[in-house]
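J.: Got a predicted structure here, sequence first:
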Amino acid sequence: MAWFTHSSRFTVALALTLGLVANVPAGVQAQLGGSSLNRDIPTEWEFTPPTGESDNPIAINRQGGGTRGPCIKEDRPPIALVPMSVGKTVAEYPTLSWYLPKNTAWGVQLVVKDAQGEEVYATKYAFAHYTGQDSQGDEQQFVVGAPGIMSLTLPQLESSTLPPEVGQEYSWELGLICDYNSPSSYVYVEGKFERVEPDPNLTRRLQQATPEQRVSIYANERLWYDTLNTLVELRRQRPNDPTLKAAWSKLLRSVELDVISEEPVAQGVRTNPN
């Protein structure tokens with residue numbers, strides 16, 4: 001079980017989950033054939049540059065900068081699970097996912113901004129840790145659930161300007177806090193999303209679909225965040241399912257993130273408000 005804990009510095013009640021963008025009923029075993037699920041996931045996710053940047057698009061910093069933070073204990077940096085474009089979602093409160101390498105960080109800082117660069121949400125989350133030995137045999141406090149795929153769902157808070165508006169682009173930046181008192185030690189990844197309004201037909205199809213069918217529907221509609229997070233939840237439930245493994249690998253390959261396709265998906269999360 002992967003754990004996040006609240007620091008006494010931050011007492012905001014958080015809607016924090018691991019990949020729970022879709023509410024998948026327990027015990028659902030309905031499956032599509034492997035070829036059907038794989039067929040509906042595109043080989044390449046179309047690149048859509050952010051509004052106003054089509055003449056000179058700026059690449060999204062999916063990987064943790066040019067240098068490795070002092071708290072990262074492997075060669076691979078944090079990686080945002082996003083396309084090199086604006087990923088779309090129908091979720092009122094989107095779930096943001098990333099790969100977290102083995103590390104000893106204090107926690108993460110999340111900042112969400114609108115298309116004008118105005119901050120709409122910002123907070124910090126403290127990680128839970130366990131005592132382990134590094135490569136030299138020294139004891140250190142490692143982050144529970146890392147290495148692996150982790151996620152945060154934007155919370156429903158009256159004090160923030162959430163939920164995101166339909167038809168608007170937002171950017172999110174996640175900073176791995178290696179040293180709480182030294183912002184220069186933070187390792188950042190980022191992504192972009194746009195919330196879109198589903199038409200009544202899509203809503204009806206999703207309501208009638210099994211979780212596997214939702215993956216296909218979301219992929220056909222090119223709804224990146226919903227496709228990813230529904231598949232993450234399915235992989236949490238059935239990590240050894242070969243059909244889901246193949247679909248997961250193809251989805252990450254479609255945005256050139258297959259380097260982390262074999263990484264585990266954390267099994268759960270819990271919040272402990274002080």
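T.: Arrived safely.

J.: Show me the shaky parts of the protein.
T.: When residues are selected by pLDDT under 70, those of the chain lie in 1-35, 47-59, 65-68, 159-160, 266-274.

J.: what's around Arg62, how many residues?
T.: Neighbourhood size, Arg62 [other Cβ atoms under 10 Å]: 21. C-betas here are computed from N, CA, C, even on glycine.

J.: Now do the strands in the stretch 151-274 of the chain.
T.: Counting by DSSP state E, counting those that start in this stretch, the stretch 151-274 of the chain has these strands, from start to end: 169-177, 187-195.

J.: With mean neighbour count as new columns, can the ones you listed be given to me in TSV?
T.: Shown next, in TSV, are those (neighbours: other Cβ atoms under 10 Å):
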stretch	mean neighbour count
strand 169-177	21
strand 187-195	22
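
J.: didn't Lys192 look like it was pressed against Thr89?
T.: No. The pair Lys192 / Thr89 is not scored as a contact, 10.9 Å apart, by Cβ atoms under 8 Å.

J.: quick one: Gln133 from Gly175, how far?
T.: Gln133 sits 27 Å away from Gly175, taking Cβ to Cβ, to the nearest Å as the criterion.

J.: err, Asp258, not the other one
T.: 25 Å.

J.: Equivalent analysis for Ser216, please.
T.: 34 Å.

J.: do Phe127 as well
T.: Applying Cβ to Cβ, the value for Phe127 to Gly175 is 13 Å.

J.: Report how many residues lie close to Glu139.
T.: There are 9 residues near Glu139, going by other Cβ under 10 Å.

J.: Angles on the backbone of it, please.
T.: For Glu139, the backbone dihedrals are phi -80, psi 140 (criterion: degrees, to the nearest 10).

J.: Does it touch Thr131 like I think?
T.: Yes. Shown here, Glu139 and Thr131 form a contact pair, counting by Cβ under 8 Å, at 5.7 Å.

J.: From Glu74, how far out is the residue nearest to Ile72 when sequence neighbours are not counted?
T.: Of all residues not flanking Ile72 in the chain, Asn103 sits nearest, at 4.9 Å (Cβ to Cβ, 6 or more residues apart in numbering). As for Asn103, its distance to Glu74 is 8 Å (criterion: Cβ to Cβ).

J.: which residues does the residue nearest in space to the middle of the chain form a beta bridge with?
T.: Geometric centre of the chain, nearest residue: Ser97, 0.7 Å, by Cα atoms, centre = their mean. Taking DSSP bridges as the rule, Ser97 bridges to Ser151.

J.: quick one: contacts for Leu257?
T.: Listed by Cβ atoms under 8 Å, 6 or more residues apart in numbering, the contact partners of Leu257 are 62, 79, 81.

J.: Look up the closest residue to the second one, ignoring the ones flanking it.
T.: Spatial nearest neighbour of Ile79, excluding adjacent residues (Cβ to Cβ, 6+ apart): Tyr99 at 4.2 Å.

J.: So that neighbour: helix, strand or coil?
T.: strand (DSSP: H, G, I helix; E, B strand; the rest coil).

J.: What is the neighbour count of it?
T.: Neighbour tally, Tyr99, other Cβ under 10 Å: 24.

J.: Now stretch 110-121: buried residues?
T.: 110-115, 120-121 (16 or more other Cβ atoms under 10 Å).

J.: and the gap between Glu46 and Asn38?
T.: 18 Å.
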